[in-house]
Structure formats: C-alpha cells, structure tokens
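Chemist: Next comes the sequence, and after it the predicted model I'd like to discuss.
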Amino acid sequence: MAGFVQQVVEGLGAGAIYASLALALVLIYQFTGIVNFAQGELAMFSTYIAWQCVAAGMPFWLALVVTLAVSFAGGMLIERVIIRPVEGAPELTIVIVTVGLFIFVNAAAGWIWTFLIKDFPNPFPGGALEAAGISVSFSTLGVLGVVALVMGLLYVLFQYTRIGLGMRAVATNPASARLVGIRVGRTLALGWGLAATVGAVSGVLVAPLLFLEPNMMGGVLIYAFAAATLGGFDSPLGAVTGGLIVGVAETLAGAYVGFIGSDLKVGVPLVIILGVLLLRPQGLFGRAAVERA
Amino acid sequence: MSTTKVQAKPVAVERRRRFDRRWAGLALLLAAAIYAPFQLVPFHVFQLTMVLVYAVALLGLNLLVGHAGQISLGHGAFFAVGAYAAAVLMDRWALPYPLTLPLAAAVAFVLGLALGVPAMRLRGLYLALVTLAIAIFLVPLLKRFEELTGGSMGLTLAKPQPPAWSGLAEDQWLYFLTLAIAVASFLLAASLLRSRVGRALHAVRDNETAAEVMGVRLSFYKTLAFAWSAMFAGAAGCVYTWVIGFVSPDSFTVNLSITLLAGLVVGGLGSLSGPVLGGLFVMFVPSISQDVNDAAPGVIFGLLIIAVMYVAPTGLAGLAGRLIKKIPRKE
Amino acid sequence: MRVPAIGCAALLLLAVAACGGRDAATGGGTGGTAAAGGQCAGQQTTGITDKTIKLGGIYPLSGPASAYGDIPKGIKAYFDYVNAEKGGIGGRKVEFVVRDDGYQPPKAVEEARRLVEQEQVFALFQTLGTPSTAATWDYTNQRKVPQVFVATGASIWGTDTAHPWTIGWQPNYISEARVYAAYLKKEKPEAKVAVLYQNDDFGKDLLGGFKRALEGTKVQVVAEQSYEVSDPSIDPQMRNLAESKADVLLNVTTPKFGSQALAADAKNTKWNPLHIVNNVAASITVLKPVGFENVQGVVSATYYKDPNDPTWANDPEMQLYKQKMQQYAPGADANVPYHTFGWAAASSFHKAMEAAACPTREGLRDSVRNLKGVKVDMLLPGVTLDTAQGDGFPIESMQLMRFKGQRWELFGDVIDTRKEFGPLGG
C-alpha cells in the first residue's frame, strides 16, 4: 500500500511539471484563441536566459526576476513581429507559424548554448518530507506550491480584472471586441507576454529536475497538451487538475499495467486526449463552446 | 438563352487554351523527368527519387490540409506504417516487392479510416494534438513488437533489382518505379479532387456550416479525406522502403511529421504542384543550409516556414504562379 | 498545377545540363586517383592521390543527438595538425568532409551517397550511431567503400561477416558489459543488480551482453526498467528499480538520462546501491551538472585518456592534444571528452592507414582487419588495437574507474575481455 501511495505522490510530482506548462498553454489560449506549439520551446529558451544570468554571477532570485521580465518583453515582441502579420488568418496558418517558431527556437538555443546539458540551481532545498513510510521531496512540494500560486493569480486575472474581461472578449470575437473599444492588438501582445512569463516559471521549475538542454521541454509538451485538454483549454484550475491526473495516470500505468510498462506509457496522453475529446470535448472544467451558425 | 450561349463561347475557348498549355507543360515536365536519370549521376538520381517519394506523401497530406482544411502533425506515422508494412511483408513473408505497394497503401488506408472516425469529430486544433500524439506514440510501439518489426535495430532489406530486359542501373530502376507511382498518384488525386468528393472537401474547407446546410455529410467526407491522405502517405512509405532498403523506428520520429507539414506549407497548400515543390524543399534545403553553418538547418527551416506564411500563404507554387502572371502575355 | 509545370520542366532540364553527364562520374576513380602498381594493381584508388586523401564523416550536428557533433571537431583538429606539421599521413594531406544527418537514417543514406558519389571520398571515416550506420552499411559494402571505425558500439559491426568493408572502433557494448560483469564477479559475487537501459539497440545490446556474461555466476539481475528517448524524465523508472532493493545499479543511458539517473540515485537516501554508469554517459559533462558531491564512488570503465584527469597532466600526447586543440580548434573546449575521442579515433586511422600495404581502398580494408597490438597514444596504456580474420573489434579492453573528488580515478588492471570471456561470436 505504501508503495502505491508513493507512486501516486510521485505521479503528482510529475503532474505538477505538466501542469506548469499547461498553465501557459491555457493562458495563451484564453488571450488569443490559439494553441501555441512553441510554448515549451519558449519556456526552454527563457530558462537558458536564467542560466546565463546565474552563470554570469547573478544571485538566483535576481536572475529569476530578470528572466521573467525578459520573457514578458520577448513574448510581446514575438506577438508583434511574428504573430501580428498573420493575425486574423485561418487557424491553420497560425498553427503552422507556431510550429515554425518551435523549430526555430529549438535550433537557435542549440546554436547559442550547444546541446550539452547544463546544471540549473534548484531554488528548493534538497531532502524530503517523511511520514508513514511515504516521502515527498521538498522540490516536489515547491513545484506544487508555485503551480498553485500561478493558478490562483491567473484565476484572479481571468475573473476579476478588466484585462481579463477584455481578453475574453478578444479571444471570443476580435471584431466585436474592437468595436466596443478594446485595444485588441495590445491585449494579444499582453497575452503572449504573460504566457511567456508563465512558461519561464515552468522552465525554471523543471530545469533542476530534468536538466537544461534544448530538448528539455519537448517530452513535456505532449503531456501538457493532454493536461490542458483534460482540464479544458479555458480553465487554469482545469489545467492543474488535468496535469495532476495525467501525471498520476501515467505513473500508475507505467508501474502497474504490465503491457504498458515504462516504454509505452507515452500512449497515456494520447488515450487521454482522444478520450476527452470524444466524451467531453470542453474538458472537465471548460465551458462548452456554443457554435453560432 | 441565346445570349448566354454567345457569351459562353469565348470562355470555353479561353479555358481550352489554358488546358492545352497546361498539358503541354506537364508533358514537357514528364519528358524532362524521364530524360533526367540518363544524364544525372546516381547520387542525383537518388535525390530526385526521394523528392518524388516525399511528393507522394505530401500529395496525401495536401488532400487533408490543403483541400479539406484539417491539420495533421502526425502524417509521418502513416508514412511509417506504409514503410513498415512493406518491410515486414518483404522480410517476414518474402513477398515480391510490387505486391507490397497495394498492401501497404491498403493498410494505411484502413488505419486512416479507423483513426479518422473518432479524429474527424474534432475541430482543427484538436486534430493537430491527436495526430501529434499518434506520431510520438508510434516509435515505442514499433520497438515493442520486435518479432515483427525488428525492434530498435530495424529491418534491412534488399532493394528491388532492375529486370535484365530494361538495361537500367539500380538507381534508375528505382527512380522510374517511383516516378510511375508518383504520376499515378497525381492522376488519382487530380481525378479525386475533380469528383464529387473534391467539391465536397472544398466546401468543407471554405465553410463547414454552409457545407453542412447544403447537405454535405461533413464527418463522412472528412473521414474519407483522412483515409485517402493516409493511403498516399502509406504508399510513399512503401516506396521509401524500396529506395532506402532500411527501416527503423528512429527514421520516423515526430520530426518527420513536422518536416512533412513544413514542406507542404512551403511548397504550397491546395495546389497540385505544391507537393513537388515541397518535396524539393524537404530534400534540398537541409543540405544546402548545412553548407552555410552546421547548426543552421533548424534555424533556416523555422524562419522559412514563418516567412512563407507571411509573404506567400500559397507557398512556392502560388508564388511562382503569381510571378508568371505578372509577365505580360501576347494574346 | 497552372503554369509552374513549364517552369519546373525548364528548371529540371537546366539542372540536368548543369550537373554534367552521368557517364563521366560513374566510372569510379576518374577524379583524383593515384596510379597503383605492383601488388596493388587493379585496386580502387578513388579519393586518394600521392598528395591527398579525402575522407567523409557523418554525424548528428543538429537535432537531439548533436552533443556528439563535437567528435568531428577533435578529428579535424588532429588532421589539421598532421597536415600542417607532419606533412599529412604518409605524405598525403587529409581532407575531412563532415556532413550532418541529424541522427536520421534516411538522411544518413543520402549523405553517404553524397560523400561517395559526389565528393568521391576515399573512405567513410566514422558514421555515428547504430541506426545511421545500419542504414548505410549495405550501400558502402555494395560499393566497396571502406566505412571504418564507426562511432557506435553495437556488436554487430564485428560479428557480421557479410560486410567486410565496415568496422567499428570503440569497445562494443557487449565487451563493456563483460567488464562490469567481471568486476562484479570478483568484488560482489552475490550481487543483485538493477538495470536501467535505453530502449534501443544500444541498451539492449549492453543488457543482453551483461546477462550472458553473468551466466554461471551468483550475480543476478533482479530488476530491469527501460525508457524512451522521448520521455521527459526517468524518475518513475528509478523509483521502480529502487523497490527491488538491489545492491548494484547498472545505468545504461545516454548523457541526458545518465545525469537524471545519477541525480535520482543521489536524491534517494534510502537506497544506496553501487552505481555503475556506462561509458557513453560517463563523460564529465554528464556528471558535473549532477554535482560532484552526488556522484562520489560511481564506477565506470574507459579506454582512452580523460583530459580532466591530472594523471595525464604530463603525458606528452595529452599535452600535444591540448596544445593543438587550442591551435587548430580555437573555441572548442579541449576538456570535453568528445574531442579527445575524435582525436584518438583520428590517430588510430592514421596508424591504420600507414600500415596499409597498398594506398587503396582494399589496402585500408585489409589493414583495419589486421591490426596487431597497435599502440595509440591517446588510448590508455595497455589498451591496443587488435583485429584479425574473425575478430572485427579493434578495441576490446577497458579499465575500470571510480569517481573521486572532481574526477575519475582508474583502478585495477586493464581488463582484456577477449582473454576473460573468449572471442565474441555472432
């Protein structure tokens, strides 16, 4: 039994990682109505910036602040330079542009920092909390805490601020939003900036556990997609819950279902995505979209 | 009545003239394609063969993305299924290679149909997610069934040898096989698009709701498009196995799917020449950009995709078309 | 397909015209040949003249495996040095053409054909990775082009008899597994071993070799866990292994996952097995990110000199290497062992080429299969290149090392697996 509980705890730890990136995906979807395939790579790039700052002798927390600021500005810049020209184009076009961005950012990071792994300082203390034969490492607790905090902030942003309201208007119908006086361009740029910032948090949380290299987020991305799909692309709470469920499901399937084993567990997100989309396309916490003919 | 007839005549003539010019162009292209392997060194013949292989796969992807407006980030998976089907049939059951083509295409078609039924209930973005997950999942799946697929070591196969009567070298024979299959695929795709199915797909792409109102059975045609598109990718995979003579799970990672999509976008969505241009792009851009800088292929690939989406959403095919239209013509 | 068809046709014809005739280039060694006479008459001399020798290498310079892209830098530095200061190999200046396959087999095939048919190289000197090598070796053997010292440790390069033109260099994974088995047999004869391995040819080759070498001993494999390179983390696998309570952990991973496994082992304070990490992941670039304090006492095996090991600080070859790396590969860190690997492989090629009876492709093929105790200065003392008919593995000896302080320390004698276990059969 202790073994099982321990597996669940570890699954939650993995799930918190997926949730952190899923939050960024949800955020950008809320602001812009698109799924950003390059989100993980942007997070990785931000993490390199933090690494570079630390390597240059900056204290960790200062480096973190600098990274978040740079990421925010970088996200806005990407929206202005890369996404703006295709604004209003079909979904297909924008998805392809984000795929292009994915390839570009990955290669650029490899070019600048090489593909050798880098160690990244862990903001949380080593060691673990032990109780009843179960151990929970402090870094898992730390990641969970930060993810919960980010989730709370996003919730407040979405529900209780003017920006959140405007952003929802833009994502739903840009043309109407513009007519009622919302500055669509600025809102979209803000969305990219914030998503990049949340992504940077995710990268910094993940890097001490997975080690920093250009493909660090590649493996996480599909799990984050599964998390966002499961929770609903328009709900921060859903993203986190989804992430935790995906993490636990994957860990348990790998450990206890003999046929799946550790090699086929990457099938778990596929099954989850397919299942959710067929049974409840809006996700657990999402609002069902009403299509107007 | 009579007035419309009078007016219709010049249109018909113009259409006929365009039609003639088009066939003349195609005939010339085909002649050049047949002539090329007798002139080029084997290495270039091989490269052209691979361009055609990619073109056939892109043709399938184009049906789905360009004509039905659905996004697939996992077409490499169907390509892989075709490649593995051919490899397993040749290796385990010692089937003669020509028979593997219809079988590989059929396997991919059935798989596409099976996956298409659930996938096509999904909106564009979600289809992209599902296909991406499929592409990722396929690699460990291929490794798992080692008795059949050769596991991670893959399978090495003998390449089809030219029959003695042809007097061709191996590379030329493979090239002509591929060329024949590519031409057949293009004819098939063209006639498919001209048929009722093609019109239904365009209606779906341009306005799903309107199409549905007009009585197009959305999910039926979308699923069909997915299956056809998988079939072309499977056929391309089969030819790939003949040409390369080796399959392994590492040959068919997500990278391949993304590269295919990139190739199609750059080549030109929704046009018949797009896949050929896309094939050229997939084949040559990485090696050319490599000469610039060892780390450059990814950077250049990514930038090109974004740039093409800005300046030429119809890809190279559309760009070439626009350029040629600008040249004043004597009538 | 509106107008572009004509354009395409024109382009194609233009390309055809520009590339010249087919017959000119297919005749084998028309460009750049040396007259081979005497006993060498009639042998292939493509890519080699009295003054030059042209080699081609295929590595993943881009994509996920591109950390290995440092290897050709070490090779280039060696050849540049030999060209500039030693007059080349036997008076022939070496031209080394490196191509990128991104670790994709179909791309490797294309690049191999480019190097052989277009660049007209004398030989392929290294293709990296088992998939890329497996995809190309039928081609090179059909064309009778030497594909020497491939940078992969799959045992098939040595056991296969249908591909005489292809040969490995580094100790194959089975030999490496034998070294660990021999060590455990002696030091921990009743050990219970947990194995983490990459789910591909490399992981399976090593695991299989390890199990076979343990036959008839009391050492047991009690748990195995595999991972995919696309997995974000191997923590779940490590946890499952910890449950086995094994007292030895054999870590068969590639660099990134090696770091993760070492970190996971260090983090788990309740399970403290003897950690053996395979050579592929034993590089200092893998251990450093984990923190040196966390990897004390980890065991591995090696066969070439570690540039970070002060034992070799006064070693003439190591000094030469560091100096020439600075001179010919400025910007590359000489302490990265991949560079050293490249240097050692290149100098092995130098020896093999010099020993060839004929300056021909056949000469090289026979020479690399007839190495007798050839000493290469960058290899550990006692490790030599040895091949013979029926033995296609140049290096089959390794020495164990243990991590102490900030570096690996060699211990015990060089273990010659040929002597311990007999030759490797197919």
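Modeler: Happy to help now that I have it. Keep in mind the model is a prediction, meaning the values are calculated, not measured. Numbering: from 1, shown residues only, chains lettered A, B, ... in the order given.

Chemist: CA atoms for contacts and neighbours, from now on please.
Modeler: Fine.

Chemist: Residues of chain A that sit close to chain C?
Modeler: Counting by CA under 8 Å from any CA of the partner chain, chain A comes close to chain C at A:10, A:107, A:110, A:114-120, A:126-127, A:209-211, A:214-220, A:251, A:254-255, A:262-263, A:266.

Chemist: Kindly report the domain assignment for chain C.
Modeler: Following automatic domain parsing, chain C resolves into domains at C:44-171+C:303-395, C:173-302.

Chemist: Quick one: closest of the ones you listed to C:K419.
Modeler: Taking CA to CA, domain C:173-302 is the member of these nearest to C:K419, at 11.1 Å.

Chemist: B:E147 - how many residues pack around it?
Modeler: Using other CA atoms under 10 Å in any protein chain shown, B:E147 has 9 neighbouring residues.

Chemist: which SSE is it in?
Modeler: Here B:E147 is covered by helix B:146-149, with elements defined by DSSP states H and E.

Chemist: on contacts alone, who are the packing partners of that helix?
Modeler: Contacts defined by 3 or more CA pairs under 8 Å, 6 or more residues apart in numbering or on different chains; DSSP states H and E place helix B:146-149 against helix B:75-92.

Chemist: Tell me which helix or strand comes right after the helix it packs on.
Modeler: Downstream of helix B:75-92, the next assigned helix or strand under DSSP H and E is helix B:97-119.

Chemist: ranges for the helices of chain B?
Modeler: With helices called from DSSP state H, chain B shows them at B:2-39, B:42-62, B:75-92, B:97-119, B:124-144, B:146-149, B:170-194, B:196-206, B:208-213, B:218-244, B:254-267, B:274-292, B:296-311, B:315-326.

Chemist: sorry, back to before: using neighbour counts, trim the residues of chain A next to chain C to the buried set.
Modeler: A:10, A:107, A:110, A:114-120, A:209-211, A:214-220, A:251, A:254-255, A:262-263, A:266 (16 or more other CA atoms under 10 Å in any protein chain shown).

Chemist: Give me the pLDDT for whichever residue of the stretch 101-250 of chain A sits closest to chain B.
Modeler: For the stretch 101-250 of chain A and chain B, the shortest gap (CA to the nearest CA) falls at A:F104, measuring 4.3 Å. In this model, A:F104 is scored at 91, pLDDT.

Chemist: mind checking how far it is from B:I305?
Modeler: 9 Å (CA to CA, to the nearest Å).

Chemist: try B:S273
Modeler: 18 Å.

Chemist: Which one's more surrounded, those two?
Modeler: Neighbours were counted for B:S273 and for B:I305 using other CA under 10 Å; B:I305 has more, 26 against 23.

Chemist: Tell me the residue of chain A that sits nearest chain C?
Modeler: Chain C sits closest to A:D119 of chain A, with a gap of 4.1 Å, by CA to the nearest CA.

Chemist: Provide a list of residues in contact with the closest residue to C:A67 other than its chain neighbours.
Modeler: The shortest distance from C:A67 to any non-neighbouring residue, by CA to CA, 6 or more residues apart in numbering or on different chains, is to A:F115 (5.0 Å). By CA atoms under 8 Å, 6 or more residues apart in numbering or on different chains, the residues touching A:F115 are A:E213, A:P214, C:P64, C:A65, C:S66, C:A67.

Chemist: Is it possible to get JSON lines of these that adds distance to B:V45 and pLDDT?
Modeler: Output for these, formatted as JSON lines (distance: CA to CA, whole Å; pLDDT from 0 to 100):
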{"residue": "A:E213", "distance to B:V45": "38", "pLDDT": "87"}
{"residue": "A:P214", "distance to B:V45": "36", "pLDDT": "88"}
{"residue": "C:P64", "distance to B:V45": "30", "pLDDT": "70"}
{"residue": "C:A65", "distance to B:V45": "29", "pLDDT": "77"}
{"residue": "C:S66", "distance to B:V45": "29", "pLDDT": "77"}
{"residue": "C:A67", "distance to B:V45": "32", "pLDDT": "78"}
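
Chemist: Just put those residues in CSV and tack on secondary structure.
Modeler: Listed next are the contacts of A:F115 as CSV, based on DSSP: H, G, I helix; E, B strand; the rest coil:
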residue, secondary structure
A:E213, coil
A:P214, coil
C:P64, coil
C:A65, coil
C:S66, helix
C:A67, helix
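
Chemist: Against A:L149, how distant is A:V143?
Modeler: Counting by CA to CA, the gap from A:V143 to A:L149 is 10 Å.

Chemist: returning to what we had before: ok, and what's touching the helix holding B:E147?
Modeler: B:Y84, B:V88, B:R92, B:L142, B:K143, B:S152, B:L155.

Chemist: Need these in TSV (columns: distance to chain C).
Modeler: Formatted as TSV, the contacts of helix B:146-149 follow (distance: CA to the nearest CA, whole Å):
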residue	distance to chain C
B:Y84	14
B:V88	16
B:R92	19
B:L142	11
B:K143	8
B:S152	5
B:L155	9
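
Chemist: before we move on, the earlier item: neighbour-wise, which one of the contacts of A:F115 leads?
Modeler: Neighbour-wise, the contacts of A:F115 (other CA under 10 Å) top out at A:P214, 27 neighbours.

Chemist: Quick one: residues contacting it.
Modeler: A:E41, A:M44, A:F45, A:N106, A:A107, A:A109, A:G110, A:F115, C:P64.

Chemist: does any bit of the helix or strand hosting A:L27 sit next to chain B?
Modeler: Secondary structure assignment for A:L27, by DSSP H and E: helix A:2-32. No: against chain B, helix A:2-32 shows no contacts by CA under 8 Å from any CA, the least distance being 11.1 Å.

Chemist: from the chain's centre, how far out does stretch C:144-154 sit?
Modeler: Offset of stretch C:144-154 from its chain centre (CA atoms, centre = their mean, to the nearest Å): 9 Å.

Chemist: Sorry, wrong one. I was asking about stretch C:49-63.
Modeler: 15 Å.

Chemist: Let me see the mean pLDDT of it.
Modeler: The average pLDDT for stretch C:49-63 rounds to 89.

Chemist: got the CA positions of that stretch in CSV?
Modeler: Taking Å, rounded to 0.1, in the frame of the first residue of the first chain, the C-alpha atoms of stretch C:49-63 are listed here in CSV:
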residue,chain,number,x,y,z
THR,C,49,46.5,10.6,-54.7
ASP,C,50,50.2,10.8,-53.9
LYS,C,51,49.5,14.1,-52.2
THR,C,52,46.0,13.9,-50.8
ILE,C,53,43.5,11.6,-49.2
LYS,C,54,39.8,12.6,-48.9
LEU,C,55,37.6,11.2,-46.1
GLY,C,56,34.0,11.7,-45.2
GLY,C,57,32.2,11.6,-41.9
ILE,C,58,28.6,11.6,-41.0
TYR,C,59,27.5,13.0,-37.6
PRO,C,60,24.4,14.5,-36.0
LEU,C,61,25.4,18.1,-36.0
SER,C,62,21.8,19.2,-35.5
GLY,C,63,18.9,17.8,-33.6
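
Chemist: Would you mark the buried spots in that stretch?
Modeler: Across stretch C:49-63, burial judged by 16+ other CA under 10 Å covers C:49, C:52-63.
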